[in-house]
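Asks: Here you go, sequence then predicted model.
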2 protein chains.
Amino acid sequence: MTPLSERMSRIDTSKIRRAFDLAAKLTRPINLSIGQPHYATPEPILDAITKAMREGKTAYTPTQGILPLRERLAQKYKEVNGFTAKPEDILVTSGISSLIQLILLATIDPGTRVLITEPCFLIYRSLLKYFNASVSTIPETFTQSDLDAVPPGDFRLIVFCTPSNPTGYVMKREQIQNLAKFAEARNSLLVADEIYELFDYEKQFVSAASIYPNTLTLSGFSKTYSMTGLRLASAHGPTDVIKAMTTLQQYTIVCAPAPVQWAGIAALDLDMSSYVQMYKKNRDMCVKAFTGKLTFPEPGGAFYIFPQIGENEDTFVERAIAEKQLLVVPGSIFCSRTDSIRISYATTEENLKEGLQAFLELLGKL
Amino acid sequence: MTPLSERMSRIDTSKIRRAFDLAAKLTRPINLSIGQPHYATPEPILDAITKAMREGKTAYTPTQGILPLRERLAQKYKEVNGFTAKPEDILVTSGISSLIQLILLATIDPGTRVLITEPCFLIYRSLLKYFNASVSTIPETFTQSDLDAVPPGDFRLIVFCTPSNPTGYVMKREQIQNLAKFAEARNSLLVADEIYELFDYEKQFVSAASIYPNTLTLSGFSKTYSMTGLRLASAHGPTDVIKAMTTLQQYTIVCAPAPVQWAGIAALDLDMSSYVQMYKKNRDMCVKAFTGKLTFPEPGGAFYIFPQIGENEDTFVERAIAEKQLLVVPGSIFCSRTDSIRISYATTEENLKEGLQAFLELLGKL
């Protein structure tokens, strides 16, 4: 047996594994656990990948990503997100998890202080623990009082996700303005994971970089264009940070898949509004089903709703599988509470309807 | 400016960057610097990617990689490499650099002892330095005396590449047998980078895992099938090691591109022998050009030759660019010597002929 590094002792995937193992036994599950869109990747993107391959674009690209894509992303950041971006301050890579890994490798030593919002994407806390960062948390719905209550001292990074996984909460403009002032006082780089930015049902979404320049913006193609298996994401940020991440990418990821980078240019020209409308209807169905029965954070975006169920989540998840063939995700993967459930409504209307009914039946709240 | 982590101070890419900057100014270079095949990705692979995409295979795959590919790889490891492999002990990922990163993250703490052969691929030493490993070296042509001279004590990993980048040297069976005995005595995991295994002109290549079970075998699709920009590689190793690397992949790379994994199955069925013959002819041209004029390690495989030029490599590389528009790679990127040059013959016969002539003219050895 090869001895493992000390940091490996800080990784624990047992809970997710147990959920997957249980789920694997189901024949016809009502699946409300999936963290990716249910619609097919739009054809123009597949066409663009095929075209790029036939043109011989299957070799390494520059580490930082092809210039035409970075130029198109600079345009997108300006027009859609409201901040000026230079192609040289943009890094193209193979997924937001890769970006999280790169920024942590580039900036975190054991004991480095990081502030994160809760609930949050599993991977942040796992990787922060893995690199032995010193982590403080604030609720994602934080008020100025919450910021005032944060222990004194600098934070290297402040990491948040809006729209949020697992809650669908969209951070308010005023919150981001307050967070920017806090970041300035604490000498922090804001790290804004905006992977769900397309799904912004109330037009509340604000890109932090449009307010505060010292921001690393993480953007994905996965959730917007249903390209989770094609591995494409981008980051924009201060020149020195992007430089450090690019240097690291040279030694690790090397580059994002070449033909997919070319297809990214085509993707950015697509009108995805009908998909957003589809998920908005699903969001409304969830809200209607739960209002007056369960408490949940305001689901203004993404494709999740995060109700508190008033009982232990693990028992509930197992009951849901055993009694209703219903798959949902226990909330403590994302936060310290153990009484919440993440429901994904990235699915068909029929599947969602069936799932919500089963969910409420299990809670005796139908 | 965001402070960077302490480990970032141990990364230095200035030499490669300087070489690239100089090269970028050339209009029609004779390029013998490229570390990837010059031939197009075989059409059946592109067809298979397109087919997989049209079948909707564009979402996340299991972290470890799709089972059909791991099964086909198990068959390949048995039939081609000569060792029994189970699909559950195989990990599919996005490139050998990703595999190096995963094994180091999984096993290296600051001060962990690692033995590597020299000359070697740039990324090993950069990442080992980055993770603060304690590195010892032996020549890749090591004899039993070289092994006997290694300072006492255990090594966590012993890393080598055969066929080798940058020399093309193919490790002899006897060497691997001796290394296996050494590894057993020093409680080491052998890490065998076999990315150039296809290019084995004298049929000397031996997979270490066919001799010694405690081996992590790294295999790529990039060089064999000219898929460098498509991002596919695999590893086979002891169960606990593959488990740890897979867990880490969950949080970082997530998965290799889905349609490319499906195409990997098709790739493994292709007969690549005509490509090998093509590069063998090029290899022979280099050997003929240099024999009696320059010293170089026996280039039994890969697509590189590594002559000692008897003068400073940096000056030579700049002279080659300025006087002959010739692009070659300075050897100290790969080892401690500063008088060697890596020439890649992964190019057309015409380009190689022109380049070898220019090279010898520069040295006054035509």
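Replies: That came in fine, so what should we check first?
Asks: Please enumerate the helices of the stretch 51-200 of chain A.
Replies: All helices of the stretch 51-200 of chain A, identified by DSSP state H, counting those that start in this stretch, fall at A:67-79, A:96-107, A:122-130, A:144-148, A:173-185.
Asks: worst average pLDDT in those helices?
Replies: Summarising mean pLDDT across these, the least confident stretch is helix A:122-130, with a mean of 88.
Asks: rewinding a little: quick check: which of the helices of the stretch 51-200 of chain A is nearest to B:Gly292?
Replies: helix A:67-79 (45.6 Å; CB to CB). C-betas here are computed from N, CA, C, even on glycine.
Asks: Measure how far that closest one is from the centre of its chain, please.
Replies: With CA atoms, centre = their mean, to the nearest Å as the basis, helix A:67-79 stands 21 Å off its chain's centre.
Asks: swap in stretch A:286-302?
Replies: Using CA atoms, centre = their mean, the distance between the centre of stretch A:286-302 and that of its chain works out at 20 Å.
Asks: What is the end-to-end distance of it?
Replies: Using CA to CA, to the nearest Å, one end of stretch A:286-302 lies 13 Å from the other.
Asks: mind listing what's buried in it?
Replies: Residues of stretch A:286-302 classed as buried by neighbour count (16 or more other CB atoms under 10 Å in any protein chain shown): A:Cys286, A:Ala289, A:Phe290, A:Leu294, A:Phe296, A:Pro297, A:Pro299, A:Gly300, A:Gly301, A:Ala302.
Asks: Quick check, the last one in contact with A:Glu197.
Replies: Translated: A:Ala302. No - taking CB atoms under 8 Å as the contact criterion, A:Ala302 and A:Glu197 are not neighbours in contact, 9.3 Å apart.
Asks: Now do the shared contacts for those two.
Replies: With contacts taken as CB atoms under 8 Å, 6 or more residues apart in numbering or on different chains, the residues that reach both A:Ala302 and A:Glu197 are A:Pro163.
Asks: OK, contacts around the closest residue to A:Gly111 other than its chain neighbours?
Replies: The shortest distance from A:Gly111 to any non-neighbouring residue, by CB to CB, 6 or more residues apart in numbering or on different chains, is to A:Ser134 (5.4 Å). When contacts are counted by CB under 8 Å, 6+ apart, A:Ser134 touches A:Gly111, A:Thr112, A:Arg113, A:Val114.
Asks: Got the phi and psi for the first one?
Replies: Okay, so that is A:Gly111. Backbone torsions of A:Gly111, given as degrees, to the nearest 10, read phi 90, psi -10.
Asks: quick one, what contacts it?
Replies: Going by CB under 8 Å, 6+ apart, the list of residues near A:Gly111 reads A:Asn132, A:Ala133, A:Ser134.
Asks: The second one: how many residues sit nearby?
Replies: Read that as A:Ala133. For A:Ala133, the tally of surrounding residues (other CB atoms under 10 Å in any protein chain shown) stands at 24.
Asks: now swap in A:Val135 and tell me
Replies: Counted with other CB under 10 Å, the burial measure for A:Val135 works out to 16 neighbours.
Asks: And the contacts of A:Ser134, which two are furthest apart?
Replies: With CB to CB as the measure, no two of the contacts of A:Ser134 lie farther apart than A:Gly111 and A:Val114, at 10.4 Å.
Asks: joint contacts of these two?
Replies: Both A:Gly111 and A:Val114 are contacted by A:Ala133, A:Ser134, under the criterion CB under 8 Å, 6+ apart.
Asks: ok, which stretches of the stretch 251-366 of chain A are strands?
Replies: Listed in chain order, the strands found in the stretch 251-366 of chain A under DSSP state E, counting those that start in this stretch are A:304-305, A:326-327, A:329-330, A:341-344.
Asks: residues making contact with the longest helix seen in chain A?
Replies: Across chain A, the helix with the greatest residue count (assigned by DSSP state H) is helix A:273-290. Identification of contacts with helix A:273-290 by CB under 8 Å, 6+ apart yields A:37, A:39, A:168, A:198-201, A:296, A:299, A:303, A:305, A:307, A:343, A:345-347, A:349, A:352-353, A:356, A:359-360.
Asks: Leaving out the residues flanking it, which one is nearest to A:Ser207?
Replies: Sequence neighbours aside, A:Asn81 is the residue nearest to A:Ser207 in space, at 3.8 Å (criterion: CB to CB, 6+ apart).
Asks: Where does confidence bottom out across the contacts of A:Gly111?
Replies: Least confident of the contacts of A:Gly111 in the model: A:Asn132, at 92.
Asks: Thought A:Arg7 was touching it, still the case?
Replies: Yes - using CB under 8 Å, A:Asn132 makes contact with A:Arg7 at a distance of 6.8 Å.
Asks: where's A:Val150 relative to A:Val114, distance?
Replies: Counting by CB to CB, to the nearest Å, the separation of A:Val150 from A:Val114 is 12 Å.
Asks: of these two, who's got more company?
Replies: The neighbour count for A:Val150 versus A:Val114, taken as other CB under 10 Å, is higher for A:Val114 (24 against 16).
Asks: Specify the beta-bridge partners of the more buried one.
Replies: When bridges are called by DSSP bridges, A:Val114 pairs up with A:Val135, A:Leu157.
Asks: What score does A:Met5 have for pLDDT?
Replies: Check again: residue A:5 is Ser, not Met. Reading off the confidence values, A:Ser5 has pLDDT 89.
Asks: Return the residues in contact with the spatially closest residue to it that is not a sequence neighbour.
Replies: Of all residues not flanking A:Ser5 in the chain, B:Asp109 sits nearest, at 4.9 Å (CB to CB, 6+ apart). The contact partners of B:Asp109, by CB under 8 Å, 6+ apart, come to A:Ser5, A:Glu6, A:Arg7.
Asks: tell me which of the residues you listed is nearest to B:Thr93?
Replies: A:Ser5 (18.3 Å).
Asks: list the contacts for that closest one?
Replies: B:Leu105, B:Ala106, B:Thr107, B:Ile108, B:Asp109, B:Thr112 are the contacts of A:Ser5 under CB under 8 Å, 6+ apart.
Asks: out of those, which are buried?
Replies: Applying 16+ other CB under 10 Å to the contacts of A:Ser5, the neighbour count classes B:Leu105, B:Ala106, B:Thr107, B:Ile108, B:Thr112 as buried.
Asks: need the contact list for the fourth one.
Replies: When the contact criterion is CB under 8 Å, 6+ apart, the partners of B:Ile108 are A:Ser5, B:Val114, B:Leu128, B:Phe131, B:Asn132, B:Ala133, B:Arg156, B:Leu157.
Asks: Nice, that's everything, thank you.
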